[in-house]
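In: sharing a model that was predicted from the sequence below.
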Amino acid sequence: MAGAKRVAVIGAGPAGAIAIDALAQEKVFDLIRVFERREGPGGCWIGDPTPLGRNLNLNLSSLGARTADGPIPIPDRLPAQTPKSTQSRFTESSIYPYLETNIDVITMQFSQEPIPVERTEQSVSLHGCDTPFRHWTVIRRYIEDLIQRRGYQDFISYKTTVERAEKVGNEWKLTLRREGQETDYWWNEFFDAVVVASGHYTVPYIPPTEGLEEFEKARPGSVIHSKHYRGRDTFKDKRVVIVGASVSAADIAVDLVNTALTPIHAVVIGHNANVYFGDVAFKHPQIREHPTISRITGRTVHFTDGNFVTDVDNIIFGTGYTWTLPFLPDVKVVNNRIPGLYQHVVYQKDPSLVFVGAVGAGLTFKIFEWQAVLAARVLAGRANLPPITAQRRWEADRIKVRGNGPKFTLVFPDFRNYFETVRKLAGPGYDGLGRKLPPFRQEWFDAFMAGHERRKRMWRRFNTQAEKGVEAEAEAEDEASRKPNNADPLELRAKL
């Protein structure tokens, strides 16, 4: 494609932040505009100031049907000012106060911008003085610092949602809505190209479950997704069921064992464990594993094996997300992936539309940098893309191996091949311009896997300590039961 001059970036999280730098360093674009619907940079690393509590108003039927987050009606004439929209855009954070990263910082930081070495006492106590994990505030500041440089902060319009991006002739027409205190302001802007860096961990997926809506309506706030979890204190002395076999559900289950009523009930049997973290967290003696929920009646949760739990206070779903693109009416999400993305970046039907971050978990944020540089080179007309037939063949071949669903976007374990392929497509840059991508380094992958092992060791240690505690309790009870009763028989007879 011919080089673009005006580029819009959607999102100012980690993917958007590195996309801005990759675009700017090409030194070829006349205009770079960034639209972020939150109040600042950070994406899912922004913390919400207050707990969500009973004000979630989850539409469980649409979340279960994966139809939530639909388009908002647009005024007939723009610019316009309208009453403030009440439709949820699922912008709430997934942060809780003591959240730490769960992968090694080496795999998160970009190649030219190291993440600061700041370790919390909590992380040091759990993982040692060389802990590779960082508190969420460190990551939030890291993303802010990426944007507060070289004047990039002036590119961004905050509290602004892209409600529609459509191709009109050779231009992209963006319909924008800026949120005010009481009203929304709507207007249009036009661009040659669009970079989608809005992420796909926003709209929670809560599987359809018989009786769940009635359970939630009877006790507002009793059903949440893991993204709404704000810490253990809310669940003190509560009976909790956690649904999901991946890392978010595991973290929450372990976090609750010393606060909520035990055992914590975890719906994991028959479900695939996380490819990186496994199921060791759920082997804690105070966590009881169950198969799928068959139905809920009142406050009783029934499972497919016939067992049930009564007097349930809260159900927490760590069941993933639904990928939505309500602002792109001509781009469809199918099976929780976007068909037609070459190397998960370039939209084959129109290469003036590119994506950064359209991959499953693994070597993030670092993988965003490679994608961002390729995207910038494509829009600058400087990339080495193969013919469209080869791009389609790449996708067809990948579907044969990975399937036409979420696993298609999972780069693991082929990181080296993917990073080097993207680096080759991006090329070295033009005339010394552009961000330079280094060769893939095996130590990134090694650190990535080693970080997972650290967390699994932590869970095993918790399990062992708890098992010893249970054994000690049982021995104490057994010893007490064996002690002779020295009470006066006459006194006992009198009591009877």
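Out: Structure's in. What do you need? Residues are numbered from 1 along each chain as shown.
In: going forward, measure contacts and count neighbours with C-alpha atoms only.
Out: Fine.
In: using PDB, write out every CA atom in stretch 209-216.
Out: Below are the C-alpha coordinates for stretch 209-216, written out as PDB (Å, rounded to 0.1, in the frame of the first residue of the first chain):
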ATOM      1  CA  THR A 209     -26.000 -21.300  33.900                       C
ATOM      2  CA  GLU A 210     -29.500 -22.300  34.900                       C
ATOM      3  CA  GLY A 211     -30.600 -20.300  38.000                       C
ATOM      4  CA  LEU A 212     -27.700 -17.900  37.900                       C
ATOM      5  CA  GLU A 213     -29.700 -14.800  37.100                       C
ATOM      6  CA  GLU A 214     -32.200 -15.600  39.900                       C
ATOM      7  CA  PHE A 215     -29.300 -16.100  42.300                       C
ATOM      8  CA  GLU A 216     -27.800 -12.700  41.400                       C
END
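In: what sits up against that stretch?
Out: For stretch 209-216, contacts defined as C-alpha atoms under 8 Å, 6 or more residues apart in numbering pick out 60, 222-223, 293-299.
In: over to stretch 465-475?
Out: 284-286.
In: which one of these is nearest Gly270?
Out: Minimum distance to Gly270 across these is 17.9 Å, recorded for His284 (C-alpha to C-alpha).
In: quick one: the closest one from His265, how far?
Out: 11 Å (C-alpha to C-alpha, to the nearest Å).
In: and if you look at Ala273?
Out: 16 Å.
In: those two: who's more crowded?
Out: A side-by-side neighbour count of Ala273 and His265, using other C-alpha atoms under 10 Å, places His265 first with 22 against 18.
In: distance of Glu166 relative to Gly40?
Out: In terms of C-alpha to C-alpha, Glu166 sits 26 Å off from Gly40.
In: next one: Leu256
Out: Separation of Leu256 from Gly40 (C-alpha to C-alpha): 31 Å.
In: neighbour count winner among those two?
Out: Leu256 (24 against 17).
In: which ones are touching Arg164?
Out: Taking C-alpha under 8 Å, 6+ apart as the test, what Arg164 contacts is 173-176, 326-329.
In: beta partners for it?
Out: Note on Arg164: beta-bridge partners by DSSP bridges are Thr175.
In: distance of it relative to Ile74?
Out: For Arg164 relative to Ile74 (C-alpha to C-alpha), the value is 9 Å.
In: ok, Pro97 next?
Out: Taking C-alpha to C-alpha, one finds Pro97 at 37 Å from Ile74.
In: what of Thr137?
Out: The value you get for Thr137 to Ile74, if C-alpha to C-alpha is used, is 36 Å.
In: where does the nearest residue to Pro263 once chain neighbours are set aside land on pLDDT?
Out: Spatial nearest neighbour of Pro263, excluding adjacent residues (C-alpha to C-alpha, 6 or more residues apart in numbering): Gln286 at 4.6 Å. You'll see Gln286 listed with a pLDDT of 97.
In: quick check: Gln286 touching Leu256?
Out: No. Distance between Gln286 and Leu256: 9.6 Å, which falls outside the contact criterion (C-alpha atoms under 8 Å).
In: what is in contact with the two at once?
Out: Ile264.
In: least confident secondary structure element in this protein?
Out: Of all helical and strand segments in the chain, the minimum by mean pLDDT, DSSP states H and E falls on helix 489-495, at a mean of 39.
In: how deep is the closest residue to Ala273 other than its chain neighbours tucked in, by neighbour count?
Out: Nearest residue to Ala273 in three dimensions, chain neighbours excluded: Ala245, at 5.2 Å (C-alpha to C-alpha, 6+ apart). Ala245 sits with 24 neighbouring residues when counted by other C-alpha under 10 Å.
In: so for Ala245, what's the pLDDT?
Out: Value for Ala245, per-residue pLDDT: 95.
In: now do Arg337
Out: pLDDT, Arg337: 95.
In: just confirm Val162 is within a strand.
Out: Yes. Counting by DSSP: H, G, I helix; E, B strand; the rest coil, Val162 is part of a strand.
In: ok, it - contacts?
Out: 10, 35, 37, 174-177, 327.
In: save those residues as CSV, and put in distance to Thr421 too.
Out: Below are the contacts of Val162 laid out as CSV (distance: C-alpha to C-alpha, whole Å):
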residue, distance to Thr421
Ile10, 25
Phe35, 30
Arg37, 33
Leu174, 32
Thr175, 35
Leu176, 35
Arg177, 38
Phe327, 30
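In: among those residues, give me the pair with the biggest separation.
Out: Maximum distance among the contacts of Val162 (C-alpha to C-alpha): 14.1 Å, for Arg37 and Leu174.
In: next, Asn463: phi, psi?
Out: Dihedral angles of Asn463 (phi, psi; degrees, to the nearest 10) stand at phi -60, psi -40.
In: that one and Val257, how far apart?
Out: Counting by C-alpha to C-alpha, the gap from Asn463 to Val257 is 11 Å.
In: swap in Ser61?
Out: 30 Å.
In: more crowded one of those two?
Out: A direct count of neighbours by other C-alpha under 10 Å for Ser61 and Val257 places Val257 higher, at 19 against 16.
In: just to revisit the earlier point, doesn't His271 make contact with the residue nearest to Ala273?
Out: Yes. Assessed by C-alpha under 8 Å, Ala245 is found in contact with His271 at 6.2 Å.
In: ranges for the helices of the chain?
Out: 14-24, 60-64, 105-108, 121-127, 136-147, 212-218, 247-256, 366-380, 388-402, 415-426, 442-482, 489-495 (DSSP state H).
In: compare those helices and say which comes out lowest on pLDDT.
Out: helix 489-495 has the lowest average pLDDT among the helices of the chain, namely a mean of 39.
In: distance from stretch 279-290 to the middle of the chain?
Out: 23 Å (C-alpha atoms, centre = their mean, to the nearest Å).
In: can you list contacts of it?
Out: Counting by C-alpha under 8 Å, 6+ apart, 245-246, 250-251, 253-254, 257, 262-269, 273, 303, 456, 459-460, 462-463, 466-467, 470 sit against stretch 279-290.
In: give the contact list for Ser246.
Out: Applying C-alpha under 8 Å, 6+ apart, the residues contacting Ser246 are 272-274, 277-279, 318-319.
In: most surrounded residue in the residues you listed?
Out: In these, the most neighbours by other C-alpha under 10 Å go to Gly318, 26 neighbours.
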